[in-house]
Every structure is written in structure tokens, then in C-alpha cells.
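Participant: quick one: sequence and predicted model below, then my questions.
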Amino acid sequence: MIQPWKTLSTREIYKNKWMRLREDIAELPNGNTTLYGVCEFGECVGVLPFVDEDHVILVRQYRYVHQENHRWEMPTGGIRPGESPKEAAQRELMEEGGCRANELLWISTYHTSKSICHETAHLYLGRNLLRAEAPPDETEFFERAVLPFQEVVQMVERSEIRDSMTVIAILHAARLRAAGQW
């Protein structure tokens, strides 16, 4: 049986309102120790909003890390303290998609990185949308579009959509639609 590692010490290296970087000394199952860096991001949500059976709302914005502004993604964002994943999904949908979903279907919870990042993502599909806007975060400047779902699936297949939350949600939606479950 695989044995857990034991954290011997933790030291905070850097922190801002979006992330925390820490450095741990961990004891391995064989008694040796290793230095381990961990980025903590908390929890986040994403919702793929269906305007109707065949169209979804996607957004694009400048992504500083990859220095690009041409990739489409679904509304996503962090969960605020005291907020449930569903509440955060509705808030992000209002901020980025300009609507609320009368129906939110949970489709996945996963770890965005399995080794050095501590972040958990909760994904939803939304439909029966109502117009509802909320102001975006201070660092968000984006474009919004309604796109045919089949075109969006093809964008994933061509690796034009690269955001993991969006890719996973689109593939789940395609699977559910093919099975007649969405």
C-alpha cells in the first residue's frame, strides 16, 4: 500500500488575493526528506451556458500568462469565502455571461493540477437562461459571443480552446447530449 508523505515544516513564500506559494519539507515513506513547492489557489467554478439546445455563450479575454487574447472559454472564476460552488457559478455567469441559469447541472469536480497546485474546479452546464448582469472583476475585460455548440466541440478537437475547465465541460456536454441526457 502506498504510504502518505509527512509534512515536517511549511514556509509561506508569497501570497496575494488569488494565490499562495508555500515551500514544504516533506518526509518520504523511506525516511528521506524532500523540498516541495505548492501553489494554493483554492476552489473555482465554470459554467457552460446553453442559450438554446444548439448554442452556447463563450467569452474571451486577454490572458497575461500565455500572452494571448483570441481563445474562447466559458465563464469561470474563483469561489469567494462563504459562497457555495453553485452560487459562485451563478455569479460568474452574471459577470461574464450576462445571464443567470434557471437550471444548473453539476458535471464534474476535479483537481486542475495533480502535483504542485492545490486547486479544485467545479463544473456546471446551465440552461433556461435569464438576462442578469453583474459587474465584472476589476481585472476583467472580455468579449462575449453566442456560438454553435457543434462548432465549439470542433474548436476543442482542433485545440483552439485550451482552458481545461472549458474543454472538460464541453466534452461532458457532448457526451451527455449524445446519450440524450442533456
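Facilitator: Structure received.
Participant: the longest strand belonging to the chain packs against which elements?
Facilitator: Using DSSP state E, we find that the single longest strand of the chain is strand 33-52. With contacts defined as 3 or more Cβ pairs under 8 Å, 6 or more residues apart in numbering; DSSP states H and E, strand 33-52 has these neighbours: strand 20-27, strand 55-61, strand 76-78, helix 85-92, strand 99-111, strand 117-131, helix 164-178. Just so you know, the C-beta spots here come from the backbone N, C-alpha and C atoms, and that holds for glycine as well.
Participant: so how far is it off the chain centroid?
Facilitator: 6 Å (Cα atoms, centre = their mean, to the nearest Å).
Participant: again, but for stretch 132-144
Facilitator: With Cα atoms, centre = their mean, you get 16 Å for stretch 132-144.
Participant: repeat for stretch 12-23
Facilitator: 19 Å.
Participant: and the contacts of that stretch?
Facilitator: 10-11, 35-41, 78 (Cβ atoms under 8 Å, 6 or more residues apart in numbering).
Participant: which among those end up buried?
Facilitator: Using 16 or more other Cβ atoms under 10 Å as the burial test, those include 38, 41, 78 as buried.
Participant: distance to residue 54 and pLDDT for those residues - can I get that in a markdown table?
Facilitator: Output for these, formatted as a markdown table (distance: Cβ to Cβ, whole Å; pLDDT from 0 to 100):
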| residue | distance to residue 54 | pLDDT |
| --- | --- | --- |
| 38 | 42 | 97 |
| 41 | 34 | 96 |
| 78 | 30 | 96 |
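Participant: okay, those in CSV with distance to residue 167 next?
Facilitator: Formatted as CSV, those follow (distance: Cβ to Cβ, whole Å):
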residue, distance to residue 167
38, 24
41, 18
78, 19
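Participant: with these in mind, which one is nearest to residue 130?
Facilitator: Using Cβ to Cβ, residue 78 comes nearest to residue 130 of these, at 23.5 Å.
Participant: bridging residues for the closest one?
Facilitator: residue 44 (DSSP bridges).
Participant: now do the contacts for it.
Facilitator: When contacts are counted by Cβ under 8 Å, 6+ apart, residue 78 touches 18, 41-45, 88.
Participant: coming back round to it: the contacts of stretch 12-23: which two are farthest apart?
Facilitator: Distance extremes for the contacts of stretch 12-23: the farthest pair is 35 and 78 at 27.8 Å, using Cβ to Cβ.
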